[in-house]
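> coordinates only, sequence not included:
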Ligand SMILES: [Zn+2]
């Protein structure tokens, strides 16, 4: 029987709506929950493409705007159910924001807020500074990074950046309510999202040394086995400082200063003091201080080959926060280095324009956002705007090359492909904010449809959202907590043509990129979760629902 792929969560009434069929049918019907036919249409043949592994037929029902819960049927096949309503994404938005609470480290998760996912305090011991004979340091707090229990400064800074730039651009994010301990919200004076982000900011402050530099990560020497976080009692180590972490922290503290000063000037001033301290260290240490794992340690490395995008971001964020021209001059210098590096032969990481990238390594896109928020008329701001528009146009062309209107190409289906997608959707969201266009919005919607079930796996890549949402993330607590389902709102890494884990390698070698996925706990290269795969979705949803 043929398959019908559709966004399993739903659609806003005014937006483009489609399903993709992998078979030919004269007609498709939309039926309501009482099986009444409420809309009919004809699928159009798209054909094959390089990513989906399907001969696609597109069922467009954009003109159907009735509110309710529906299914799409054609011949003997039917889709999962989906909603059409202005509130279609309320639960999704709640879940993806609340997700960070469940990843908190240090504090116990109270049953009142965490339900069956509660756990005792974890990783509360002081951390040993690796290779140095100095007292152990308190770095308790923050969020677990991913499927493991490590906490990494650059990854944490980037997740916070997705969320706080989201707040700066789309204030509706401040109205999202989710259940977290009230005292963390300063008893109601701090919006939920800012209270949750403060948990990570407080931790990142602890990662900064007296001289302003920032430790790259705090983890046990090797990954813990699959146990609950409070059972992971191995010694914690702070591994060496890096200019990558120091620059990202300078940037994100400067950004946070611009957000929190409206609520708590003392806290905001502290953020700025720390940002300046980090920046001071960067100025005294011009050469990149990159990061490599200690011999024999297997926890996340988050390596980067240069620190130009990080220093660019730091300069731009401080320029925006302080208005001081010297930071703009620094940003200009780093921009030159970044361009020269990006054009050098041996490099090709990110597929798109480097000044629009929001990754854990390539962070210049955040610098561009700071320039746009500052709103001055200067060369770098012009470059930032031009880059977002050009990149968004490139993505809209990609979206015409497959039946799912997905803005990705074959080479984007790497480890964490859903983050590649979400970074692209962020670019489109920013472009649409700069210059509103239907094609930008439609490409965002198609990307969201893909993430939520309109893909040739017929699966929603956000837990608890969609009838066929994936259920087996590579995530330690979920694997051992005796609760059937993971907590809702976790974004999976998604399909990956690299198939880097043993279980993934059981897939046929010739699998289409979109089908290089298995919902299995062992598939760390296909099905892990991370804080910075969730955070860009929050940004995109805030932009869509503004
Ligand atoms: Zn912990």
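Arrived safely. Because the structure is a prediction, the values reported are computed rather than measured.
> Quick check: residue 495 touching residue 519?
No. Judged on Cβ atoms under 8 Å, residue 495 makes no contact with residue 519 at a distance of 11.2 Å. Bear in mind the C-beta positions are built from the backbone N, C-alpha and C, glycine included.
> okay, these two: which has more neighbours?
Neighbour count, other Cβ atoms under 10 Å: between residue 495 and residue 519, residue 495 has more, with 30 against 17.
> Phi and psi next, for that one.
Phi and psi for residue 495, reported as degrees, to the nearest 10, are phi -50, psi 150.
> Contact residues of the stretch 151-300 of the chain facing the ion?
Residues of the stretch 151-300 of the chain found near the ion (Cβ under 5 Å from the ion) are residue 229.
> closest point of the stretch 151-300 of the chain to the ion, which residue?
Taking Cβ to the ion, the ion has its nearest neighbour within the stretch 151-300 of the chain at residue 229, 4.2 Å off.
> you'd agree that residue is up against residue 144?
Yes. Counting by Cβ under 8 Å, residue 229 touches residue 144, with 6.8 Å between them.
> Looking at these two, which is more packed in?
Neighbour count, other Cβ under 10 Å: between residue 229 and residue 144, residue 144 has more, with 25 against 20.
> Next, the closest residue to residue 525 other than its chain neighbours: secondary structure please.
Excluding its sequence neighbours, the residue lying closest to residue 525 (Cβ to Cβ, 6 or more residues apart in numbering) is residue 500, at 3.8 Å. At residue 500 the chain is in coil, as set by DSSP: H, G, I helix; E, B strand; the rest coil.
> Was I right to think residue 500 contacts residue 415?
Yes. Using Cβ under 8 Å, residue 500 makes contact with residue 415 at a distance of 6.5 Å.
> Between those two, point out the one with more neighbours.
residue 415 (18 against 13).
> Pull the contacting residues for residue 159.
Counting by Cβ atoms under 8 Å, 6 or more residues apart in numbering, residue 159 makes contact with 100, 143, 200, 530-532, 534-535.
> oh sorry, the question was meant for residue 170
539, 542-543, 545-546.
> for residue 360, same thing?
When contacts are counted by Cβ under 8 Å, 6+ apart, residue 360 is found next to 154-155, 158, 302, 532.
> rerun at 6 Å
154-155, 158, 532 (Cβ atoms under 6 Å, 6 or more residues apart in numbering).
> How many residues are close by residue 148?
Applying other Cβ under 10 Å, we find 22 residues neighbouring residue 148.
> Could you number the chain from 8 rather than 1 from now on?
Will do, 8 is the new start, and the previous item becomes residue 155.
> That one and residue 492: what is the separation?
Distance of residue 155 to residue 492, computed by Cβ to Cβ, to the nearest Å: 21 Å.
> Likewise for residue 198?
To residue 492, residue 198 is 28 Å away according to Cβ to Cβ.
> and those two? which has more neighbours close in?
Ranked by neighbour count (other Cβ under 10 Å), residue 198 and residue 492 place residue 198 first, with 19 against 13.
> Quick check: mean pLDDT of the helix or strand that residue 165 is a member of?
Per DSSP states H and E, residue 165 falls inside helix 160-176. Computed over helix 160-176, the mean pLDDT rounds to 98.
> and what of stretch 117-124?
Taken as a whole, stretch 117-124 carries a mean pLDDT of 96.
> any residues touching that stretch, and which ones?
Stretch 117-124 has contacts (Cβ under 6 Å, 6+ apart) with 109, 125, 186-187, 490, 494.
> ok so residue 247 is a helix residue?
No. Counting by three-state DSSP, residue 247 is located in no helix; its state is strand.
> Now it. Nearest residue, chain neighbours left out?
Excluding its sequence neighbours, the residue lying closest to residue 247 (Cβ to Cβ, 6+ apart) is residue 223, at 6.2 Å.
> Next, work out how far apart that neighbour and residue 320 are.
From residue 223 to residue 320 the distance is 16 Å (Cβ to Cβ).
> and if you look at residue 507?
Distance, residue 507 to residue 320, using Cβ to Cβ: 29 Å.
> Kindly report the same for residue 375.
Residue 375 sits 9 Å away from residue 320, going by Cβ to Cβ.
> How about residue 310?
For residue 310, the distance to residue 320 - Cβ to Cβ - is 18 Å.
> For the residue nearest to residue 532, give me the pLDDT.
Per-residue confidence (pLDDT) for residue 507: 95.
> Mind listing what's buried along stretch 535-553?
Buried residues in stretch 535-553, counted by 16 or more other Cβ atoms under 10 Å: 535-552.
> my bad, should have said stretch 334-353
334-335, 337-338, 341-342, 344-345, 349.
> Cross these against helices and list the overlap.
Among those, the members falling in helices (DSSP state H) are 334-335, 337-338, 341-342, 344-345, 349.
> overlap between those residues and the residues near the ion?
Among those, proximity to the ion is found for none (Cβ under 5 Å from the ion).
> related to what we said a few turns ago, following the helix holding residue 165, which helix or strand comes up?
Next along the chain from helix 160-176, counting by DSSP H and E, comes helix 199-213.
> who does that next one touch, helix- and strand-wise?
Helix 199-213 sits against helix 160-176, with contacts defined as 3 or more Cβ pairs under 6 Å, 6 or more residues apart in numbering; DSSP states H and E.
> what angle separates the helix it packs on from helix 199-213?
Angle, helix 160-176 to helix 199-213, by axes from the mean of the first three to the mean of the last three Cα atoms, to 10 degrees: 150 degrees.
> And the strands in the chain?
Using DSSP state E, the strands found in the chain span residues 11-13, 17-18, 25-28, 35-39, 44-48, 51-54, 63-67, 75-81, 84-85, 89-91, 135-136, 158-159, 221-227, 243-249.
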